[in-house]
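Visitor: give me a 3D structure for the following:
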Amino acid sequence: MCVLQLCRMIPALAVLPLVLATQEAHASLADQYRCSNGDLVFHVIFSPQEPGPATLSGPVGGKAHTQVLLDPVPGASGESFERGNTRFSGNRQASHLDIGDMRLACELEPEPGSEPE
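Guide: Got it, this is the predicted structure:
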């Protein structure tokens, strides 16, 4: 009886490395944008393959380093996320981050270990 249960678990255990590798692959597919205006720098990270919020990190609300989730904007052309008076929008070629009345240009950062374009 115990041997039969072990035989049933082996296929599941064989799939586990594949599942973990897939999760790592999805994590590396996240796009990271660097948005700056002089000394002020923010980062926006999201995965275009998986719908969900984007993460904004930087000096939000006068705090040195904060992370805020920006919600996807349905029906927007390109990538668009917002929360309150903060909005990231654009695509790989041209994007920007609006915080209140301030607009920061954003650039897609290359993935670690990749060749710059």
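Visitor: and the closest residue to residue 70 other than its chain neighbours, how many residues sit next to it?
Guide: The shortest distance from residue 70 to any non-neighbouring residue, by Cβ to Cβ, 6 or more residues apart in numbering, is to residue 81 (3.6 Å). Quick note: C-beta positions are derived from backbone N, CA and C, even for glycine. Neighbour count for residue 81, taken as other Cβ atoms under 10 Å: 22.
Visitor: which SS state does residue 81 fall under?
Guide: Three-state call for residue 81 (DSSP: H, G, I helix; E, B strand; the rest coil): strand.
Visitor: and it, what does it touch?
Guide: 44, 46, 53-54, 70-73, 87-89 (Cβ atoms under 8 Å, 6 or more residues apart in numbering).
Visitor: bridging residues for it?
Guide: residue 72, residue 88 (DSSP bridges).
Visitor: all the helices of the chain, residue numbers only.
Guide: 2-28 (DSSP state H).
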